[in-house]
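Asks: pasting the sequence and the predicted model now:
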Amino acid sequence: MKLLTTIIFLFLIFLQSNAQSISTIDYLGKEFLLYPESQDEKYMNDLTYWKENVIREKYKLDWKQNIDGQWIQFYKNNDSIPAKIFELKKTKLNGEYRQFFENGKIETIENYKNEKIIGLKTSFYKSGKIRDSVIYRLDTAQNGHIFSNKTLLKTFYENGNCKKIQSYDSFGVKNGKWMDFYENGQVKIEQHYTNKNIDLRNSANKNSYGNRIKKFNYFYPNGQIQFSLNYSNDKIDNGLFMEYYSSGQKKISGNLKNGLRDSEWTEYYENGEIKSKGNYSSGSYTVCGVVPFTDFYEYKVGEWSYYFPNGQTKANGIYKLSAKNVGTNCKGGANLNCGTLTKEWTFYENDGKPMTLKNAIKTDLLSNLEILRKRVYDTE
């Protein structure tokens with residue numbers, strides 16, 4: 001027993017004798033503890049590993065030795081330019097954290113409290129222009145799940161114009177007006193979220209992340225509206241849908257039902273001539289998984305007509321209602337309704353002369369690709 005005690009005592013003395021003191025360095029008139037690896041070395045970006053393991057390993061420190069203080073890490077190829085400046089308190093990130101580009105300009109400024117980001121985070125382009133700003137807060141957990149610890153996000157293009165604005169409530173649930181912009185400053189997307197009637201008990205429920213309400217607008221870079229959708233409780237309202245070209249000319253019109261095309265739809269050329277006209281129907285199928293759910297699809301059915309830009313008929317006929325089995329993650333797949341071509345179709349050249357079925361089929365004009373096309377106008 002005495003021998004074992006002696007061995008342990010000698011081993012501890014050996015460790016202490018091999019321990020190194022932490023190097024310090026003066027930067028801009030302030031003394032910092034020198035991080036023992038350069039920016040491009042093994043653990044340069046691992047925030048979960050660098051705090052203690054690398055520092056203690058490189059400096060051969062025991063686990064009781066204090067490593068708290070202001071730390072600085074430099075780039076390997078230019079040891080006069082800092083890569084990171086951060087502070088450890090009780091071995092955890094606390095206070096301001098700064099990260100730099102190799103040109104010496106600031107890349108990111110963050111604030112931490114016991115390893116958790118809090119307050120304002122600001123990121124920059126290499127040019128020094130602001131890239132984004134995010135406000136974080138603690139205590140956004142609800143029933144053990146954090147929806148988002150952001151309360152406000154603003155991102156910018158390098159020319160200074162705003163790129164995106166997002167807002168959240170105190171639990172990180174989407175709430176309020178969200179905006180996306182083009183680089184020229186024009187609004188791209190305008191939408192609204194609400195945090196009311198949100199079931200925060202179920203993190204698997206997508207409605208836990210905020211419900212879309214009011215009007216969803218999508219614009220072209222020139223400011224012309226492309227389309228609008230009305231939302232109620234995160235669902236697209238049924239009714240007439242209109243889409244426009246960037247010139248303002250009508251492009252598509254038809255009826256939406258449960259967010260899918262339904263009944264008669266008409267598509268137009270930009271010169272105002274009809275491009276196609278016909279009916280859609282929709283169906284549903286089960287998606288298997290830990291929690292099975294129902295998904296929806298749409299398909300062409302009934303009489304359809306297609307036209308050339310000069311108004312001449314291109315093709316017309318009927319999509320016959322039939323069934324098709326498609327592979328899904330459920331055993332046996334799913335049997336879906338779809339519309340298939342019949343022999344009664346007629347095809348024409350742009351001068352009105354009839355075209356043979358063989359030549360017409362060589363084009364993808366009437367391939368019924370919409371069979372599993374879901375929520376065409378949903379952006380997420």
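Replies: Yep, it's here. Residues are numbered from 1 along each chain as shown.

Asks: nearest residue to Phe32 in space, please, no chain neighbours.
Replies: Leaving aside its sequence neighbours, Phe32 sits nearest to Ile72 (C-beta to C-beta, 6 or more residues apart in numbering; 3.9 Å). To be clear about C-beta, it is placed using only N, CA and C from the backbone, and glycine gets the same treatment.

Asks: what sits against that neighbour?
Replies: Residues near Ile72 by C-beta atoms under 8 Å, 6 or more residues apart in numbering: 25, 27, 32-35, 82, 84-85.

Asks: highest neighbour count among those?
Replies: Counting by other C-beta atoms under 10 Å, Tyr35 has the largest number of neighbours within these, with 26 neighbours.

Asks: isn't it up against Leu88?
Replies: No: in this structure, Tyr35 is not within contact of Leu88 by C-beta atoms under 8 Å, at 10.5 Å.

Asks: ok but the residue nearest to Phe32 is inside a strand, no?
Replies: Yes: under DSSP: H, G, I helix; E, B strand; the rest coil, Ile72 sits within a strand.

Asks: and it, how far is that from Gly95?
Replies: Between Ile72 and Gly95 the computed distance is 14 Å (C-beta to C-beta, to the nearest Å).

Asks: surely Arg54 is within a helix?
Replies: Actually, residue 54 is Val rather than Arg. Yes: judged by three-state DSSP, Val54 forms part of a helix.

Asks: wait, it sits on Pro36?
Replies: Yes: under the criterion of C-beta under 8 Å, Val54 makes contact with Pro36 at 6.5 Å.

Asks: give the bridge partners for Ser123, please.
Replies: Following DSSP bridges, Ser123 is listed with bridge partners Thr108, Asp132.

Asks: tally of neighbours for it?
Replies: 17.

Asks: over to Gln224?
Replies: 14.

Asks: quick check, it in contact with Ser246.
Replies: Yes: the pair Gln224 / Ser246 is scored as a contact, 5.2 Å apart, by C-beta under 8 Å.

Asks: need the residues that contact stretch 279-287.
Replies: Counting by C-beta under 8 Å, 6+ apart, 254, 257-258, 260-265, 292-304, 321, 328-330, 334, 336-337, 339, 370 sit against stretch 279-287.

Asks: show me how the chain divides into domains.
Replies: 10-117, 127-237, 240-380 (automatic domain parsing).

Asks: do me a favour and get the end-to-end distance for the second one?
Replies: Taking C-alpha to C-alpha, to the nearest Å, the first and last residues of domain 127-237 lie 45 Å apart.

Asks: which helix or strand in the chain has the lowest average pLDDT?
Replies: helix 2-18 (a mean of 49; mean pLDDT, DSSP states H and E).

Asks: after it, next one along is what?
Replies: Sequence order places strand 24-27 as the next helix or strand after helix 2-18, per DSSP states H and E.

Asks: that following strand - contacts with which helices or strands?
Replies: With contacts taken as 3 or more C-beta pairs under 8 Å, 6 or more residues apart in numbering; DSSP states H and E, strand 24-27 sits against strand 30-34.

Asks: note down every partner strand of the strand it packs on and its orientation.
Replies: Assessed with DSSP bridges, strand 30-34 is paired to strand 24-27 (antiparallel), strand 69-74 (parallel).

Asks: can you list those strands in TSV and add distance to Phe308 and mean pLDDT?
Replies: Formatted as TSV, the strands paired with strand 30-34 follow (distance: least, C-beta to C-beta, whole Å; pLDDT from 0 to 100):
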stretch	distance to Phe308	mean pLDDT
strand 24-27	71	94
strand 69-74	66	94
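
Asks: next, count neighbours for Ile213.
Replies: When neighbours are counted by other C-beta under 10 Å, Ile213 registers 17.
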